[in-house]
Each structure stands twice: as structure tokens, then as C-alpha cells.
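A.B. asks: Let's see this in three dimensions:
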Amino acid sequence: MDTALEFREVHKSLGGKLILRGISFSVYVGDVFGYLGPNGAGKTTTIRVLLDLLPPDGGEVRLFGRPSDPEARRRIGFVLENDGLFDGLTAAENLALFARLYGVSRPKVGELLELVGLGGKEGDRVGTFSKGMRQRLALARALLHDPELLVLDEPTAGLDPTGQMEVRELIRELAGGGKTVFLSSHNLDEVERLCNRIALIHHGEIRLQGDMRELMRGDKTGYVVEPAEPLSPELVERLHSRMELGFVGEESGTLLFEPREVGLGELVSSLEGMGIEIEAVRRARTSLEELYREIMAEEA
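C.D. replies: So this is what the prediction gives:
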């Protein structure tokens, strides 16, 4: 599998304090990669090293299978928490200015503004834009040179729920269009919705990384059953009495089973035989929040 980004044993100290403690992770081409961690964990420093705003003290950053250099970094687009837009210029003027800085001779300003949901706003001054509109314009700027890798630092921070949903949908569209995305975020729900792979950094060390589905599967072997109707107390009591079914309990209207003696087919047949109409069955899984809490608890 081709890599878009690799950190290999990267160290970085600032002000005499070790911030990154030999971190290693890989982002593959086509990933939407979530980078998680509490405040002060090293996320921002990681991004600054990635973008060559800070040199690493040790280790190596590789882009697209080669050591990071100016040519490789031209294949990156980024949106940082401080959007860096010029309030006194219009949306189109902002993009035209940055296009010149990026060496883009014929920027597709109109197309980019349409893509990010700002069609018709070309002539509006950015100082009048909402936080969500500014974020979308910053994304348009990041796409000016058609980068292969997008680095997004807290792209929905400070947005209202509507703005968050709009930016998330745009990220999905960009990923679906072939962009690789590195997403640094505090928002666990956002990462769980968007990302296929993650890494969690804490105290400057990578504590967890890998495929989201594999990590969230954990060691759970049970099933979540959604009944068509709420169960009566008597039926719940009967489920508890059927030890072979491994009934654990109810949660938000669903039933959790961890059977040891029967398979899924037998479980479903037994429930239907008890008069329980089933709407859906899925494997139990660990949530990203549970994984995060486990890591944080280990450090407490």
C-alpha cells in the first residue's frame, strides 16, 4: 500500500521540553486519517513538523515514499486553526492572491468556491463571513494547487452544528474524489464518522494506531439486537434465565448478548421462538470514546 505520509521515530523539543518522543505512524494514500489527543499532547507540533514549519530534532518525515523536501511538500494543502485569510479582500481576491503565492497561473476560483459551498460569494469581503464560511474558504485556498494530501487542523472548531455538518460533508466529498486527508481533531464523534484509520498521541507518544474498524472491534464478541418493540419486564426476565443466550442487558432500547454456547443463527432463532420480533442485528463494538477513555485512564 502506497504511503502519503510517514513519521519515523520523530523527536522534537521546544524550550528545553521534549514534545515529540520518537513518534511513528503512517498515512496511506486514500486514507482519512484521524489524529487524536488531548491539549498539549503534541498534535500541533506534529503538524508544524509535517509542514516543515519546525525541523525535527531526530527521526524522519517522509512524503509520498520519499524524504520530505520542497517538491514533495507542494503536494500538500493545509488548513490550520488560524485561517490566515485577509478580511479586507473579497473571497475571489483572497484566492487570487494565494494562487500567485502558490504559483498557480490560472486558479479555478469560481469552481473552487462552488465546490466548498460559496458560489455567489466571490465579491463578498471575507471580514463579513461567518466562521463556517471562513473555514470553507480556507479549504478552497488549500485546494488551489490540487494537492494530493490535505492536512486539516480542527476544521470544525468553533462552528455551529450546521457548519460542522457542512464541513464534514465537504471532507467526505474530497476524500471520495481521491484526496488523502490528515485530520487533527478533539472531536471524537467527528473522527469516528469520517476516518478509516487513526493514531492517538498522549504526552508526545503514540499510544494507539491502526484501522478504525479493527480497533473498535476490540475483544468484544457479542451482538446488539434491535427489537421491533420494547420488551415487557417478563420477557426480559426470561432472557436472563436463558443462560446459553448470554443476555447482558438492555441499553437505549437495544439488547446486548455475549453468547458462549450458541452461534448467531441459534441466537436469532431462539429470540424469534420467544416471540421477539427483530429489526436488526449487528456485532457489538467498542466506541472510539471507550478507546480514548481507556488510554487516558492508563495515564491517570
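A.B. asks: ok, which stretches of the stretch 151-300 of the chain are helices?
C.D. replies: Taking DSSP state H, counting those that start in this stretch, the helices of the stretch 151-300 of the chain run over residues 161-176, 188-194, 212-217, 233-241, 264-273, 288-299.
A.B. asks: how about those, which one is nearest H11?
C.D. replies: Ranking those by proximity to H11 (C-beta to C-beta) places helix 288-299 first, at 20.0 Å. Heads up, the C-betas are built off the backbone N, CA and C, glycines and all.
A.B. asks: can I get the CA coordinates of the closest one in PDB?
C.D. replies: Provided in PDB are the C-alpha atoms of helix 288-299 (Å, rounded to 0.1, in the frame of the first residue of the first chain):
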ATOM      1  CA  LEU A 288     -13.900   5.500  19.900                       C
ATOM      2  CA  GLU A 289     -14.900   7.200  23.100                       C
ATOM      3  CA  GLU A 290     -14.300   4.000  25.000                       C
ATOM      4  CA  LEU A 291     -10.900   3.500  23.400                       C
ATOM      5  CA  TYR A 292     -10.000   7.100  24.200                       C
ATOM      6  CA  ARG A 293     -11.100   6.700  27.900                       C
ATOM      7  CA  GLU A 294      -9.100   3.500  28.300                       C
ATOM      8  CA  ILE A 295      -5.900   5.200  27.100                       C
ATOM      9  CA  MET A 296      -6.500   8.200  29.300                       C
ATOM     10  CA  ALA A 297      -7.300   6.000  32.300                       C
ATOM     11  CA  GLU A 298      -4.000   4.200  31.800                       C
ATOM     12  CA  GLU A 299      -2.200   7.500  32.200                       C
END
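A.B. asks: list the buried ones in that helix?
C.D. replies: 288, 291-292, 295 (16 or more other C-beta atoms under 10 Å).
A.B. asks: Mind giving me the packing neighbours of that helix?
C.D. replies: On a contact count with 3 or more C-beta pairs under 8 Å, 6 or more residues apart in numbering; DSSP states H and E, helix 288-299 meets helix 188-194, strand 197-202, strand 205-211, helix 212-217.
A.B. asks: List of residues touching the second one?
C.D. replies: Strand 197-202 is contacted by residues 23, 25, 27-28, 31-38, 41-43, 46, 191, 206-212, 215, 288, 291-292, 295-296, 299 when judged by C-beta atoms under 8 Å, 6 or more residues apart in numbering.
A.B. asks: The first one too?
C.D. replies: Contact with helix 188-194 is made by 32, 34, 36, 156, 164, 168, 171-172, 175, 181, 183, 185, 198, 212, 216, 287-289, 292, as judged by C-beta under 8 Å, 6+ apart.
A.B. asks: Would you mind measuring from R293 to V248?
C.D. replies: Distance, R293 to V248, by C-beta to C-beta, to the nearest Å: 19 Å.
A.B. asks: ok, residues contacting the helix or strand bottoming out on mean pLDDT in the chain?
C.D. replies: Ranked by mean pLDDT, DSSP states H and E, the weakest helix or strand in the chain is helix 212-217, scoring a mean of 76. Identification of contacts with helix 212-217 by C-beta under 8 Å, 6+ apart yields 34, 192, 195-198, 208, 283, 285-288, 291.
A.B. asks: Flag every buried residue along it.
C.D. replies: Of the residues in helix 212-217, 212, 215-216 count as buried by neighbour count, 16+ other C-beta under 10 Å.
A.B. asks: With just CA atoms, put it into CSV.
C.D. replies: What follows is helix 212-217 as a C-alpha-only set of coordinates in CSV (Å, rounded to 0.1, in the frame of the first residue of the first chain):
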residue,chain,number,x,y,z
MET,A,212,-10.6,2.1,12.9
ARG,A,213,-12.8,-0.9,12.4
GLU,A,214,-10.2,-3.3,13.9
LEU,A,215,-9.5,-1.1,16.8
MET,A,216,-13.2,-0.6,17.6
ARG,A,217,-13.9,-4.2,17.3
